[in-house]
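**Q** I'd like to go over a predicted model; first the sequence, then the structure.
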Amino acid sequence: MRHVARENRMFVVGVNPVLHADQIPAGFPARESLVPPGYLEQNGPWLEEGNTVIVAPDGTVIAGPVRRREEILIADLDLREVAIQRRHLDPVGHYNRPDIFRLYVDTAPRPPVIVDPAAAAPQNRKEEPNEHRPSDQRIRG
């Protein structure tokens with residue numbers, strides 16, 4: 001959750017379920033598929049451990065994480081922090097390298113469908129080892 005908050009410069013409220021094996025009634029349909037024999041001995045009594053958390057835009061955990069218990073997290077959020085953190089984000093800074101990066105957009109019109117006459121007649125078609133890969137002749141250019 002911290003990386004999501006930092007990458008997007010936003011508050012993240014990660015709500016995760018918490019479920020103890022004792023909370024599933026003995027008569028629950030298909031209980032054995034939720035708690036298979038031997039599961040509790042190997043993994044302990046928690047089927048879902050929780051890990052609910054609230055994270056600030058800079059990646060700081062401001063509430064939680066809460067594990068292995070039910071609890072309500074409350075935090076005061078200063079929404080100005082989002083704008084402050086987004087000023088630190090430099091989406092074009094270190095990628096702004098015209099010496100090594102270039103965006104080229106070819107706007108020439110293209111037909112939406114190309115019919116290959118050789119593909120229409122399978123008996124005339126030359127077999128290629130991988131039909132999804134173009135032949136070497138088409139790659140060169």
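**A** Here it is on my side, so go on. Numbering: from 1, shown residues only.

**Q** Contacts for the helix ranked longest in the chain, please.
**A** Counting by DSSP state H, the longest helix found in the chain is helix 80-88. With contacts defined as Cβ atoms under 8 Å, 6 or more residues apart in numbering, helix 80-88 is touched by Arg9, Met10, Phe11, Ala56, Pro57, Asp58. C-beta: built from backbone N, CA, C; applies to glycine.

**Q** Using neighbour counts, pick out the buried residues of it.
**A** Glu81, Gln85 (16 or more other Cβ atoms under 10 Å).

**Q** ok, now stretch 26-33?
**A** Per 16+ other Cβ under 10 Å, stretch 26-33 contains no buried residues.

**Q** which residues sit against that stretch?
**A** For stretch 26-33, contacts defined as Cβ under 8 Å, 6+ apart pick out Ile24, Pro25, Leu34.

**Q** out of these, which are inside helices?
**A** Short answer: these in helices (DSSP H) are Leu34.

**Q** Lowest pLDDT pick from the contacts of stretch 26-33?
**A** Taken together, the contacts of stretch 26-33 show their lowest pLDDT at Leu34, with 80.

**Q** ok, now which ones touch the closest residue to that residue other than its chain neighbours?
**A** Once flanking residues are discounted, Leu34 sits nearest to Ile24: 6.0 Å by Cβ to Cβ, 6 or more residues apart in numbering. By Cβ under 8 Å, 6+ apart, the contact list for Ile24 reads Arg31, Leu34, Val35, Leu47.

**Q** Which of the residues in the host helix or strand of the last one are classified as buried?
**A** Assigned by DSSP states H and E, Leu47 falls within strand 46-55. By neighbour count, and taking 16+ other Cβ under 10 Å as the criterion, the buried residues in strand 46-55 are Leu47, Glu49, Gly50, Asn51, Thr52, Val53, Ile54, Val55.

**Q** before we move on, the earlier item: what's the farthest-apart pair in the contacts of Ile24?
**A** Arg31 and Leu47 (11.1 Å; Cβ to Cβ).
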